[in-house]
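> this is a predicted model, with the sequence first.
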Amino acid sequence: MSEADGEAGAVEKSPPDATAEPVAAKPARKRARRRAAAKPKPAEAPAPAQPTAAGPAEAAPKPAPAAAKAVSPAPPSLNEVIMQQTAESLAQLSANLTGAMTRANQVFSTAFFEQAKEAQAFNPDPFGVQGALNDVWSHLAHQPETLRDAHARLWQRYADIWERHTAYMLTGRGADEEPARDKRFRDPEWRSNPAFSMLRETYLATSDFINDLISKTEGVDDATKRKAAFFIKQAVDAASPSNFLMTNPAALRELLRTHGESLVKGVDNLAEDLKRGRGALAISQTDLDAYKLGVNVATTPGKVVFRNRVFELIQYTPTTEKVHEVPLLIFPPWINKFYILDLQPKNSMIRWLVDHGHTVFLVSWVNPDEDMGDVSFDDYMREGVYAAVEAVEKAAEVNRMNTVGYCVGGTLLAATLAHMAKKNDTRIQSATFFASQSDFQFAGDLLVFSDETGIKYLEGKMEQAGGVLDAQIMADTFNALRANDLIWNYVVDNYYMGKEPPPFDLLYWNADQTRMPKALHLYYLRNFYRDNALTGGKLTVMGEKLSLADVKIPIFMQSSKEDHIAPCMSVYTSARKFGGPVEFIVAGSGHIAGVINHPDAKKYQYWTNKNLKGALEDWFAFATETPGSWWPYWDKWLSAISGPDVDARDPSAHEVLADAPGDYVKVRSAPSEAA
């Protein structure tokens, strides 16, 4: 998921949730308080010609009034802002720039000092990128036609760009009026100002040239080309003119409009993020003070009815008098917290399922400490899936149940189903998989980090951390998969423009990453991502060699068309490995929004086709597209196999260990952050 979006990990980027309920009528943000206490007042200067408007960070996180939804007027041009400057405002700008640079030097010195503590573990190329690039360049050198044609196309594009913009500057005609498709260049100045327009188009032409060269290189194995392409794209994206203060018109406009105050605030934001990351940059993507578990996220009522060292089991309180006889047991990924399924009432899958008559049980995985470094995949199967099945049997007083596995939780569930098939264990009567892979042949960009070079690097990091993978490493990995949305967007907004990230429940969850036990994570990377052992018939767990062909129970597999964590192709090939009936669907959007799409939102669409015999392209060619959420379609499938209605089950009827959302979910990976 984040496994972000990384599921963390990873995540779908969408507008801030303006309707999010604040935790309380809380005071101004922590950063604002610290600034007020620590920052000396600047020397008095004459009032600027243009009053400085408060940035987003100064506003309380309350629902926006209806008027705020109106289309905002276009910002003044950079030239207009420059013309409004006075001697006094330029003096204030100079003072603020001097202060910001002095503060930045202090911030970077402190960060470098923190990083120097681990200098002995520094590895300039932990993923073996240079070797991959050398392989690509050496093969490309033997393709002169490819190089010639690529350079010819590039110079033709350059010539066209220069011709159009020269005419634009001379005549004032020829501006690019097309709407911005690339969010990095959504500011109108990237089109209306010929200098910025030319810079944008020249960068995009060069970017296409470099990325295309990698894709057209012949004779390089797929893994090497994938690694080279991924990291070249990272470098090309980082070089975008939108990512630099002096070549970003929106950042420059804000710098002048606020007479340098935006940069002063930005350096303060940078200092806070470096402090939170203990010398490494931990970018703030949302207001971490705006939400509290059990108060305005993860609020669906329920009880913890079982607990061991690996998980807590939550049984949710029914909202209907009758429920389906067969309960539903959900296994989220252990890479993130479970409450992606229960963010707020308006988008909670858990609440929706309960309201539709399902007795919902959910596994809340522990956030492991160093003492769990040796906990293995076998342990998570034995003490996780099998223990949860047994606990649901007792709590619901049934001997059969439906199950759900989300992302890596689905991989564990699939392996367990194959193991249960070997043991003739029939207690799980169906399984639904959300964005989950069993066949990793087409697992996407995460394969870049899971060859032996990358695994060795992560193994060293886990040993250094005492036996667990630090949560920030996973967050950084999933952010890198969508760097423009999850890294550079915030560099510009937070550090150049001095904005505070607004409240957003999804990004709050995405920032709440978990650690992972060394033994479990290494096993997962080597046996699934690297070796694809489960579908290759080479995986042995708890003494049994596993095969998905042995799994004959009904399977429902959801994938998302734009998923960058569990690509649609990968989920489709996984669906075809099971031995029984499989219902496969594709939802619109990506790894998170494709799954968490409440019907009331009336967003996206989904595709269905019961024939899985052809390639994915064939499946899509004959698929039926339906607008809206896929949840009702799944609920119809699930209800049909969930037995007759019975009296609702009260979780308080058995021993209760805690109220939902439980205790395990509240353990944060960063000691300074309270849940």
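Now that the structure is in, tell me what you want to look at.
> mind listing what's buried along stretch 355-375?
356-368, 372-373, 375 (16 or more other Cβ atoms under 10 Å). Backbone N, C-alpha and C define where each C-beta goes, glycine included.
> next one: that stretch to chain centre, how far?
Put simply, stretch 355-375 sits 20 Å off its chain's centre (Cα atoms, centre = their mean, to the nearest Å).
> what ranges does the stretch 501-650 of the chain have for its strands?
Taking DSSP state E, counting those that start in this stretch, the strands of the stretch 501-650 of the chain run over residues 516-517, 540-541, 544-545, 555-560, 582-587, 605-608, 624-627, 645-647.
> shaky segments in the stretch 151-300 of the chain?
Within the stretch 151-300 of the chain, the stretches with pLDDT under 70 are 173-179.
> the buried residues of stretch 355-375: which two are farthest apart?
357 and 373 (41.8 Å; Cβ to Cβ).
> and residue 214, which of the strands of the stretch 501-650 of the chain is closest to it?
Taking Cβ to Cβ as the criterion, strand 555-560 is the member of those that comes nearest to residue 214, at 26.0 Å.
> can you give me the buried ones in stretch 222-241?
Across stretch 222-241, burial judged by 16+ other Cβ under 10 Å covers 224-233, 236-237, 240-241.
> what's the answer for stretch 603-610, then?
Those would be 604, 605, 606, 607, 609, for stretch 603-610 by 16+ other Cβ under 10 Å.
> cool, stretch 277-294 as well?
For stretch 277-294, burial by neighbour count (16+ other Cβ under 10 Å) applies to 277-280, 282-294.
> chain center to that stretch, what's the gap?
Averaging C-alpha positions (Cα atoms, centre = their mean) puts stretch 277-294 14 Å from its chain's average.
> and the end-to-end length of it?
26 Å (Cα to Cα, to the nearest Å).
> do stretch 365-382 as well
In stretch 365-382, first residue to last residue: 14 Å (Cα to Cα).
> with stretch 294-310 instead?
Distance between the two ends of stretch 294-310: 21 Å, counting by Cα to Cα.
> tell me the buried residues in that stretch?
Of the residues in stretch 294-310, 294, 296-300, 302-307, 310 count as buried by neighbour count, 16+ other Cβ under 10 Å.
> redo those residues as a markdown table? Include distance to residue 145.
Shown next, in a markdown table, are the buried residues of stretch 294-310 (distance: Cβ to Cβ, whole Å):
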| residue | distance to residue 145 |
| --- | --- |
| 294 | 63 |
| 296 | 60 |
| 297 | 56 |
| 298 | 58 |
| 299 | 62 |
| 300 | 61 |
| 302 | 64 |
| 303 | 68 |
| 304 | 65 |
| 305 | 67 |
| 306 | 65 |
| 307 | 65 |
| 310 | 57 |
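> closest to residue 636 out of those?
Closest to residue 636, out of all of these and judged by Cβ to Cβ, is residue 300, at 22.2 Å.
> tell me how far that closest one lies from residue 293.
Distance check for residue 300 against residue 293: by Cβ to Cβ, to the nearest Å, it reads 12 Å.
> also residue 235?
Plainly put, residue 235 is 38 Å away from residue 293 if you go by Cβ to Cβ.
> likewise residue 476?
Separation of residue 476 from residue 293 (Cβ to Cβ): 24 Å.
> one more: residue 86?
50 Å.
> try residue 407
Distance of residue 407 to residue 293, given as Cβ to Cβ: 21 Å.
> for residue 635, same thing?
Counting by Cβ to Cβ, the gap from residue 635 to residue 293 is 27 Å.
> got it, and residue 200?
From residue 200 to residue 293 the distance is 42 Å (Cβ to Cβ).
> contacts for stretch 386-393, please.
Residues outside stretch 386-393 that contact it (Cβ atoms under 8 Å, 6 or more residues apart in numbering): 305-306, 308, 310-311, 313, 327, 329, 331, 361, 363, 398-399, 401, 416, 427-428.
> and it, which residues are buried?
Applying a neighbour-count criterion of 16+ other Cβ under 10 Å, one finds 386, 387, 388, 389, 391, 392, 393 buried in stretch 386-393.
> among the residues you listed, which one lies nearest to residue 253?
If you rank the buried residues of stretch 386-393 by distance to residue 253 using Cβ to Cβ, residue 388 comes first, at 54.5 Å.
> quick revisit: format the buried residues of stretch 603-610 as CSV; extra columns: pLDDT and distance to residue 498.
Compiled in CSV, these are given as follows (pLDDT from 0 to 100; distance: Cβ to Cβ, whole Å):
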residue, pLDDT, distance to residue 498
604, 97, 34
605, 98, 39
606, 98, 41
607, 98, 43
609, 97, 50
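> for the residues you listed, which one is nearest residue 648?
Closest approach between the buried residues of stretch 603-610 and residue 648, by Cβ to Cβ: residue 606, at 29.7 Å.
> tally of neighbours for the residue nearest to that closest one when sequence neighbours are not counted?
Spatial nearest neighbour of residue 606, chain neighbours left out: residue 630 (3.9 Å); criterion: Cβ to Cβ, 6 or more residues apart in numbering. Using other Cβ atoms under 10 Å, residue 630 has 23 neighbouring residues.
> my guess is residue 630 contacts residue 597, does it?
Yes. Residue 630 is within contact range of residue 597, at 7.2 Å (criterion: Cβ atoms under 8 Å).
> what sits in contact with each of those two?
Between them, residue 630 and residue 597 share these contacting residues under Cβ under 8 Å, 6+ apart: residue 587.
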